[in-house]
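A.B. asks: pasting the sequence and the predicted coordinates here, then a few questions.
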Amino acid sequence: MSRLRQRDFHAIMEIVERLYSFQTLDACEAGIVESLQTVMDCDSWHLSESDPKQRRVRWTSDWVSRRPETIPNPNEVVARYMHEHPFLRRWNSHREDLKPVTLSDLISRPSWHDTGLYNEIYRPIRIEHMLGVALPGLRPHAVHVVGLRETIDFDDRDRRMLDLLAPHLAAVYRNAEAVGELQTQLATLHHGLEANGRAAILLGPGRRIRQMSARARDLLTSHFRWSDRNALPAPVDGWLRRQGLTVDASAAPLRPLVVERDGRRLTIQILRDRRGAFLLLSERKLRIAPADIASLGLSPRETEVLAWLAHGKSNAEIAGILGLSPATIKHCLERVYGKLDVGTRAAATALAVAAAGMHG
């Protein structure tokens, strides 16, 4: 029986450490295929995900670069002949049997050569020997790693190497899958929030910022003095500490943080789930500025008067603010009503609010 050497164990640990750095499933799959070649020489390595019920298969392989021959639509051919593949038959019927096996363990060479799968896929690329393993704990996925050779069959050392690697490969696969899913969900969340004028921040350990949308960065910058862009501004971090961010997600919602500056109100709320904590930021104007309603086509004086009207001021209050008489304000508003084709203060205010984009 072949014994693994110290350098074999070092090679395994180096591969695993490298693979944990990948942030997407595609990069992880390509990395697994590339890394396996460094510890076990093969003509090709495959990582495949199969669905026998749907007769679908998807794989990542390095055989294109190692073999000049090309096979049109290989995924379709493999899906058509999935029922003939000894590995898939074994793994689909023995879900708990996760030990590495070779092709010669499962089928004789003459029988293998009689299959359509061999003649359409493996014969053209001159593959006669395989060693494969199903990665554990990836249900409902069926993920397999397979090494392929033309002339030399796999020995006991090869089996032991793949047996030691399989649990680690499954772990890095799950890690990349989880990270990719989180990034996708966060991107979707950001997109939805940005559409409503909101923004989102994903928090990591110690309330540090893991990811933040551009609008969230702008909102924090406009409302707080903020130097360390990897950490929350001190008032926000203090609010989270006082509210007890580490409480279980099933606890009552935390009270929002509300701050006002330069006629705008920023509200920060927290959303927690099994993936972590998100801060949701939204900003609202406290009053309409004349520039906000310039699109209504009024004169500068009329625009200024309407802005104060929309802020809830009476004619007398507007007159005091602008240094005019109440009668002048009354006549000015009559002109505003005529131009806007409205008859009441409420209707004029509603148009001003809509023009300023202050809904909600």
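C.D. replies: On my side now, so go ahead. Residues are numbered from 1 along each chain as shown.
A.B. asks: all strands of the stretch 51-200 of the chain, in order?
C.D. replies: Along the stretch 51-200 of the chain, counting by DSSP state E, counting those that start in this stretch, strands occupy 56-61, 101-102, 129-134, 143-149, 198-203.
A.B. asks: residue 291 is nearest to which of those strands?
C.D. replies: strand 198-203 (23.0 Å; Cβ to Cβ). Just so you know, the C-beta spots here come from the backbone N, C-alpha and C atoms, and that holds for glycine as well.
A.B. asks: strand partners of that closest one, parallel vs antiparallel please.
C.D. replies: strand 209-212 (antiparallel), strand 276-285 (antiparallel) (DSSP bridges).
A.B. asks: C-alpha coordinates for the first one, CSV please?
C.D. replies: These are the backbone C-alpha positions of strand 209-212, laid out as CSV (Å, rounded to 0.1, in the frame of the first residue of the first chain):
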residue,chain,number,x,y,z
ILE,A,209,-18.4,48.1,7.3
ARG,A,210,-18.2,45.1,4.9
GLN,A,211,-19.9,46.6,1.9
MET,A,212,-21.6,49.9,1.2
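A.B. asks: pLDDT value on residue 358, please?
C.D. replies: What the model reports for residue 358 is a pLDDT of 64.
A.B. asks: picking up where we left off before, how about the strands paired with strand 198-203 in TSV, adding mean neighbour count, mean pLDDT and distance to residue 124?
C.D. replies: Shown next, in TSV, are those (neighbours: other Cβ atoms under 10 Å; pLDDT from 0 to 100; distance: least, Cβ to Cβ, whole Å):
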stretch	mean neighbour count	mean pLDDT	distance to residue 124
strand 209-212	17	83	46
strand 276-285	18	81	49
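A.B. asks: would a markdown table of those strands with distance to residue 164 be doable?
C.D. replies: Output for the strands paired with strand 198-203, formatted as a markdown table (distance: least, Cβ to Cβ, whole Å):
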| stretch | distance to residue 164 |
| --- | --- |
| strand 209-212 | 33 |
| strand 276-285 | 32 |
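A.B. asks: among the ones you listed, which is nearest residue 235?
C.D. replies: Of these, nearest to residue 235 by Cβ to Cβ is strand 276-285, at 12.8 Å.
A.B. asks: report the distance from that closest one to the chain centre.
C.D. replies: Counting by Cα atoms, centre = their mean, to the nearest Å, strand 276-285 is centred 19 Å from the centre of its parent chain.
A.B. asks: again, but for stretch 99-106
C.D. replies: 37 Å.
A.B. asks: the chain should start at 29 in everything you say after this.
C.D. replies: From this message on, residue numbering opens at 29, which makes the last subject stretch 127-134.
A.B. asks: residues contacting it, please?
C.D. replies: 114-115, 117-118, 140, 157-161, 181-182, 186-187, 190-191, 194 (Cβ atoms under 8 Å, 6 or more residues apart in numbering).
A.B. asks: over to stretch 317-337?
C.D. replies: With contacts defined as Cβ under 8 Å, 6+ apart, stretch 317-337 is touched by 291, 313, 315-316, 338, 345-346, 349-350, 357, 360-361, 363-364, 367-368, 373, 376-377, 379-380, 383-386.
A.B. asks: 7 Å - rerun?
C.D. replies: 316, 346, 349-350, 357, 360-361, 363-364, 367-368, 373, 376-377, 379-380, 383-384 (Cβ atoms under 7 Å, 6 or more residues apart in numbering).
A.B. asks: which of those count as buried?
C.D. replies: 316, 346, 357, 360-361, 364, 368, 373, 376-377, 379-380, 383-384 (16 or more other Cβ atoms under 10 Å).
A.B. asks: show me what contacts residue 381?
C.D. replies: Per Cβ under 7 Å, 6+ apart, neighbours of residue 381: residue 338.
A.B. asks: my read is it is in a helix, agree?
C.D. replies: Yes. Assessed with DSSP: H, G, I helix; E, B strand; the rest coil, residue 381 lies in a helix.
A.B. asks: ok, back up a step: buried subset of the contacts of stretch 127-134?
C.D. replies: 114-115, 118, 140, 157-161, 182, 186-187, 190, 194.
A.B. asks: tell me the one of those residues nearest residue 239?
C.D. replies: Closest to residue 239, out of all of the buried ones among the contacts of stretch 127-134 and judged by Cβ to Cβ, is residue 194, at 32.0 Å.
A.B. asks: not counting sequence-adjacent ones, nearest residue to the closest one?
C.D. replies: residue 161 (4.8 Å; Cβ to Cβ, 6 or more residues apart in numbering).
A.B. asks: fine, thanks again, bye for now.
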